[in-house]
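>>> Here is my input, please return the structure:
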Amino acid sequence: MSEALNIKKLEADLWESADLLRAGSKLTSNQYCMPVLGLLFLRYAYSRFKKVEAEILKDRPMRHGRVMPVEASDFAEKSALFLPKEAQYDYLVNLPEDAQKVLDGLHGGSNASYAIRFAASFPGIRMVLSGMGSTEMMADNCGFMKDFQPLNEEERMAIARVCAIFRGQGLIPCTGCRYCTEVCPQGIPIPDLFACMNTRKQFHDWNSDNYYHDVHTKNAAKASDCLKCGQCEDICPQHLKIRDLPEDVAKVFEK
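Sure, this is the predicted structure:
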């Protein structure tokens with residue numbers, strides 16, 4: 001099928017999905033327009049980020065044999081938004097190898113299809129928002145949601161195994177709300193440092209060291225600067241024992 005026909009079919013699927021949304025969700029256009037426009041903006045921001053990142057990396061200097069990581073100021077100079085690694089599509093869709101094998105064993109849809117269908121399977125859910133990075137992803141989403149089927153028992157058990165794999169990695173369950181940063185007297189970028197820790201644990205990514213030192217703490221406090229005052233814990237929606245965690249982070253990144 002040619003690119004033109006693919007786009008034509010995608011356009012038809014999108015209009016049909018919009019008609020179903022208006023007719024079946026009991027939502028008015030002014031109720032769902034902002035989330036949809038928000039997704040379009042996020043897609044544009046990511047596309048712009050990748051284009052500008054490639055331009056910046058062309059002549060990026062080296063340090064200790066490695067290319068220095070890009071910074072927010074590099075993107076500001078080119079009128080583009082800087083997206084931290086944890087907000088980029090490639091980071092969000094990658095699964096640990098053993099978790100990916102579980103979903104591959106279903107011999108069914110894409111990773112995104114299981115995630116979206118999982119959310120849509122709960123009673124009372126009328127809309128599921130999904131970030132997309134290409135027309136192929138959009139077509140995939142429209143395809144499995146056009147004739148929506150809730151997850152079956154086998155799929156639910158597979159997702160439960162994937163969740164168990166993530167829990168077994170000892171990741172910090174921080175959602176990045178940043179409420180803690182508003183009350184931290186030391187100005188520690190707590191969610192960013194936790195994200196570096198999770199990246200190191202999950203993907204064994206050496207580049208997390210560069211992000212820790214050259215991006216997140218270059219002009220901010222480090223994990224070792226924590227006073228253990230506990231103000232962050234009082235405001236954390238996830239009820240994390242935050243004051244105990246910076247010490248672990250410092251042991252990994254501030255050797």
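
>>> Setting aside sequence neighbours, what's the nearest residue to Glu254?
Nearest non-adjacent residue to Glu254, counting by Cβ to Cβ, 6 or more residues apart in numbering: Ser224, 5.5 Å away. Every C-beta, even on glycine, is put in place using the N, C-alpha and C of the backbone.

>>> what about the strands in the chain?
In the chain, strands defined by DSSP state E lie at 62-63, 66-67, listed in chain order.

>>> Val249: neighbour count?
22 (other Cβ atoms under 10 Å).

>>> residue contacts, the spatially closest residue to it that is not a sequence neighbour?
Once flanking residues are discounted, Val249 sits nearest to Ala223: 4.0 Å by Cβ to Cβ, 6+ apart. Shown in contact with Ala223 (Cβ atoms under 8 Å, 6 or more residues apart in numbering): 188, 193, 246-247, 249-250, 253-254.

>>> Highest neighbour count among those residues?
When neighbours are counted by other Cβ under 10 Å, Leu193 leads the contacts of Ala223 with 28 neighbours.

>>> What's the separation between it and Lys50?
Distance, Leu193 to Lys50, using Cβ to Cβ, to the nearest Å: 25 Å.

>>> any low-confidence regions in the stretch 51-200 of the chain?
Counting by pLDDT under 70, the stretch 51-200 of the chain contains low-confidence ranges at 85-93, 131-133.

>>> Which residue ranges of it form helices?
With DSSP state H, counting those that start in this stretch as the criterion, the stretch 51-200 of the chain has helices at 72-76, 89-93, 97-104, 111-120, 135-146, 153-168, 179-183, 190-203.

>>> Would you mind confirming that Lys78 is in contact with Lys51?
No: Lys78 lies out of contact with Lys51 (Cβ atoms under 8 Å); the separation is 9.4 Å.

>>> neighbours around Thr181, how many?
17.

>>> For it, give its distance to Pro237.
Relative to Pro237, Thr181 is positioned 13 Å away (criterion: Cβ to Cβ).

>>> what sits against Phe253?
193, 196-197, 208-209, 212-213, 222-223.

>>> Next: Asp214.
Shown in contact with Asp214 (Cβ under 8 Å, 6+ apart): 68-69, 71.

>>> By neighbours, which of the residues you listed wins?
When neighbours are counted by other Cβ under 10 Å, Pro69 leads the contacts of Asp214 with 19 neighbours.

>>> So Ile165 is in contact with Gln100, correct?
No: applying Cβ under 8 Å, one finds Ile165 not in contact with Gln100, separated by 9.6 Å.

>>> Who has more neighbours out of these two?
Ile165 (17 against 14).

>>> so what's the residue lying closest to that one once chain neighbours are set aside up against?
Excluding its sequence neighbours, the residue lying closest to Ile165 (Cβ to Cβ, 6+ apart) is Ala99, at 4.5 Å. Neighbour list for Ala99: 161-162, 165-166 [criterion: Cβ under 8 Å, 6+ apart].

>>> All set now, cheers.
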